[in-house]
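Visitor: Pasting the sequence and the predicted model now:
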Amino acid sequence: MSKPYAATSCVFFDEGDELWRYCDAPLHLECLAQWPHRERFSRGYFDLWREQAIEALKAADAAMAEVRQVAPDLESLHALRQRLLFNPSSR
């Protein structure tokens, strides 16, 4: 491709959607700027990654809740870290 382009990864529209065939494909920036579907296409991609970020944050939140049960403050977290670093068999 000799012209600048953008490319998405993942498929974020159903196969029956008219925009499905553009998923996971390069799009010339020049064409994208004039494309009547650019907003809906971009929104679909944005929403996909936003949803994945939300899921990742929920998982991190759950993990941190478990950590807080074992080490409720920074001092106890530091002590736990030191113990695991210098005595890994104490897990």
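Guide: Thanks, I have the structure now.
Visitor: any idea which helix or strand comes after the helix ranked longest in the chain?
Guide: Identified as the longest helix of the chain according to DSSP state H is helix 38-70. Next helix or strand after helix 38-70 toward the C-terminus (DSSP states H and E): helix 74-86.
Visitor: helices and strands around that following helix, which ones?
Guide: If contacts are counted by 3 or more Cβ pairs under 8 Å, 6 or more residues apart in numbering; DSSP states H and E, helix 74-86 sits against helix 38-70. Backbone N, C-alpha and C define where each C-beta goes, glycine included.
Visitor: Mind listing what's buried along the helix it packs on?
Guide: Phe41, Gly44, Tyr45, Leu48 (16 or more other Cβ atoms under 10 Å).
Visitor: re earlier: quick one: list the elements packing against the longest helix of the chain.
Guide: Packed next to helix 38-70, using 3+ Cβ pairs under 8 Å, 6+ apart, are helix 74-86.
Visitor: wait, isn't Trp20 in contact with Cys10?
Guide: No - with contact defined as Cβ atoms under 8 Å, Trp20 does not reach Cys10; the gap is 11.7 Å.
Visitor: who's more crowded, the two?
Guide: With neighbours defined as other Cβ atoms under 10 Å, Trp20 and Cys10 compare such that Trp20 has more, 14 against 10.
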